[in-house]
Every structure is written in structure tokens, then in C-alpha cells.
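J.: Next come a sequence and a model predicted from it.
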Amino acid sequence: MPSATFNRFADAATVPGERAQMGRVSGVLWMTAAAIALVATFLPGARHAPLGWVLGLGIAVLLYGLGCVTGAIPWHRASINGIGVGAAVTIPIVALSIYLTGGALSYVEPLLVCTLLYATFFFPPRWAWPLVAELILVAGTPLLYDGDAIEYAYLPRFAVLTGVFLATTWIMVGLKHRLVEAEARQREAANRDPLTGVGNRRSFDRTIRRELRRRTEPRGRRQADTSPLALLVIDLDDFKWINDHHGHQAGDAALRQVAERAARMLRSTDTLARIGGDEFAVIAPGAHGEGARQLAESIRTAVGLVEPGSEVPVPSASIGWAVFPADGDDCETLMRCADQRMLGLKGNGRGPGGAAVPVARDAAGTASALSPEAEPRSRERPAAG
């Protein structure tokens, strides 16, 4: 999978919900560490600074963790870079806790593993490695102030800890890479039509609702998007006949061709999805009524184009459209309006911007355009055989 895909998904914390989750997990870890440290302070043999300092730091850490868990500290409003800076600023608190709880014999030092796992799991590599490097430096601070550190064999312990931290980080970053790739493949499979490669109904529903929320539900300081939104519904008029007379393999080829041709007519910001057996839909942000009509005409023309020598049957298409907010302000209303417009075009003899130019088929299923004057009231299919 291209590295761009990994970069896209690796920064899951760019989503506000993920950032809030990071805050809650961080809060739980801080509160757990503080509780363990406070309990350990009263166990026999524990070395620590004056009790007041240890209790003061423990209570402060508990309150900070509680603020993260409850949302009093608004993690969801910060960017991933802001959270990374915040983590780098709070890691020195760990150095202080090591100092207050015995230095080279600190009983809270093993809790560094929790911070290590948190940094490598939640942060992208560009932040995980610097944070782990800071943790290693923090772990080595007793060598600077504890005169008994060498006697307690802290130097070889620190060397081993450094190697373990670096190896664990390398493993976690690689594991996360693989997990992210697997998630990306699953997400792609869950939102793609396997036959045509365009979006499926799940993808369509999610996209149309997201676009409508952007226009109807302002969030915080962000105002609602005032641009229009066009929804096009494409129905293939001849698909059943193609399946009946040419077989399902030919029908599958026709569907793939329709998807490819329709996709060529769209902008990078538009979404094409297959929402039924022979039905497609297009979501076109920013398109108004006339733009939707022109887009429908372009797709209709492209889908119905007969290429000399091609063995793929060419279906005709009926296309209805609806525009937010003129035709409705929710998905159901827009779909109903687009369907009604499409059915009206089917019944009234389709013209420019609505559906397919009338076609006639020979026994081989080859389509040819008819002039409007030559359009029959109802298309007759040639007898099978």
C-alpha cells in the first residue's frame, strides 16, 4: 500500500473524536500512576523525599488525570502537534517523580513503560520517536544527581532500558504500520463496490450525510457551509435486457463501463457510488441547478456513447437530480426529488440534461442514436434468438 495511505490513516488523532479518546486514555494512565505511587510510598522500604512533596505531586497528577478523563481539559480542540508539544512538556513531571521517590532506586520508574506504549500507539512516528527519546533522557536523570547511582548498578540498568525502549518503539511503530494498513484495506473493502470499484451504498450514505451536516449543523466557530449540493441518480434503462440477452458477464462489463465513463465526467471533489443493481448516484458539492443539469447531460452522453468495435453492450441512462437546499434539506427528500424527476423524464420522453437520447438496438444489442422525431413511444426489444 502506498506510503501516502499510511500517512493518511496513521494520523488518526487528527479526528476530534480520536483526540478526545487520547485525552481520556492519558488521564486514566496519569491517575493510575499517581494512585500506584501514593500507595507504594507507604510500603516498607520505600525511599522518597519528604512526604508532603510526594503527596502534593501525587494529588496534582490525580487532578490533571481527572481533568483529562472528564473533558475539562479540551483535548479535542488541540491539533496532533499541540498534543505532542503538551506530552513533551508533561514528561519532565515523570523525572520529578523519579527524583522524589528514590532516584536510582525509584519505585515509579517501571511506570515509564506505560508512557512508552502510549506514545508509540497514539502518536505518528514523527512524534513517537522524539517522545521516546525524551523518556530515555528522563530515565537517565538519576545519574546526574544520585551519588549512589553507580553503586546501585544504575548505569548498566539504564543501558539495558535504553535498548529495550528503542527496540519496543521500533516494534510498536512497525506493528502500528501493519495494523493501519489492514484497517485501511478493510475500510476500503467495506466502502467499495467490488464489481465497479466505485463507492457502495454505505459510502454514499456516509458521504451525503456528512455533506448535509456541513451545511446544516455549524460546529463551534465554524459556520455552516452555504454552498449548494447536487445529488444525481442514474438509472440504466436497458440493463435487464442486456442481462437477459447477453448474459450476466456482459451485464457486469456494462456496469464497469458505466462506472468508468461516469467517473471521467466528475471532479475530484465529486463522489460516484453504486447504490443498487443498475443504479448509481453522484454527490456534487457546490453544484447548483444548472450545474446539475449539465453534469447529468455529460454523464448521459458519456454512458450512452457507442464505440465502434466494442463488444460491451451500451445501456441508455435516465438521470434525475435534486439540489440542496432548493429541493430539500435532508437525504430522504433529495433522493425522493431526484427519483421523481428521473421517473418524470422516463415517462415524458427524455431530452437534454435528463436521460438518454433514444436508441434502437439490432439483434446483436448494438445501440444507435435516433433523432427526436424518430423516437418511438415505447422501445420494442428484438425477439431473442
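T.: Received the coordinates, thanks. Residues are numbered from 1 along each chain as shown.

J.: give the contact list for the closest residue to residue 239 other than its chain neighbours.
T.: Distance criterion CB to CB, 6 or more residues apart in numbering; nearest residue to residue 239, sequence neighbours excluded, is residue 278 at 3.7 Å. (Glycine included, C-beta is placed from N, CA and C.) Residues near residue 278 by CB atoms under 8 Å, 6 or more residues apart in numbering: 235-236, 239-240, 255, 315.

J.: Over to residue 252?
T.: Counting by CB under 8 Å, 6+ apart, residue 252 has contacts residue 195.

J.: do residue 166 as well
T.: Contacts for residue 166 (CB under 8 Å, 6+ apart) come out as 132, 136.

J.: Please give the element, helix or strand, for it.
T.: For residue 166, the host element (DSSP states H and E) is helix 154-191.

J.: buried sites along stretch 58-74?
T.: Neighbour-count burial for stretch 58-74, counted by 16 or more other CB atoms under 10 Å, picks out 58, 61-62, 64-69, 73.

J.: and residue 235, that's in a strand?
T.: Yes: membership of residue 235 in a strand is supported by DSSP: H, G, I helix; E, B strand; the rest coil.

J.: My read is that it contacts residue 317, right?
T.: Yes: counting by CB atoms under 8 Å, residue 235 touches residue 317, with 6.7 Å between them.

J.: More neighbours: those two, which one.
T.: With neighbours defined as other CB atoms under 10 Å, residue 235 and residue 317 compare such that residue 317 has more, 29 against 23.

J.: Contacts only, for the closest residue to that one other than its chain neighbours.
T.: Nearest residue to residue 317 in three dimensions, chain neighbours excluded: residue 303, at 4.6 Å (CB to CB, 6+ apart). With contact set as CB under 8 Å, 6+ apart, residue 303 has these partners: 234, 236, 258, 261-262, 314-317, 356.

J.: ok, back up a step: now, the buried residues of stretch 58-74 that are in helices?
T.: Using DSSP state H, the members of the buried residues of stretch 58-74 that fall within helices are 58, 61-62, 64-69.

J.: Looking at the contacts of residue 303, which is nearest residue 159?
T.: residue 262 (62.2 Å; CB to CB).

J.: tally of neighbours for the closest one?
T.: For residue 262, using other CB under 10 Å, the count is 26.

J.: Please apply the same query to residue 346.
T.: Residue 346: 16 surrounding residues under other CB under 10 Å.

J.: Over to residue 89?
T.: Per other CB under 10 Å, the neighbour tally for residue 89 reads 9.

J.: Residue 137 too?
T.: Other residues near residue 137 come to 13 when the count uses other CB under 10 Å.

J.: Kindly report the same for residue 52.
T.: By the criterion of other CB under 10 Å, residue 52 has 8 neighbours.

J.: From residue 58, how far out is it?
T.: 11 Å (CB to CB, to the nearest Å).

J.: Spit out the residues that contact these two alike.
T.: By CB under 8 Å, 6+ apart, residue 52 and residue 58 have no common neighbours.

J.: State the pLDDT value of residue 7.
T.: For residue 7, the pLDDT comes out at 46.

J.: what's the following helix or strand past the helix holding residue 166 in contact with?
T.: Once helix 154-191 ends, the next helix or strand along the chain (criterion: DSSP H and E) is helix 201-216. Helix 201-216 has contacts (CB under 8 Å, 6+ apart) with 190-192, 199, 224-227, 229, 231, 271, 273-276, 281, 283, 285, 324-325, 329-331, 334.

J.: and with 7 Å instead?
T.: With contact meaning CB atoms under 7 Å, 6 or more residues apart in numbering, helix 201-216 is reached by 190-191, 224-225, 229, 231, 271, 273, 275, 281, 283, 285, 324, 329-331.

J.: Good, wrapping up.
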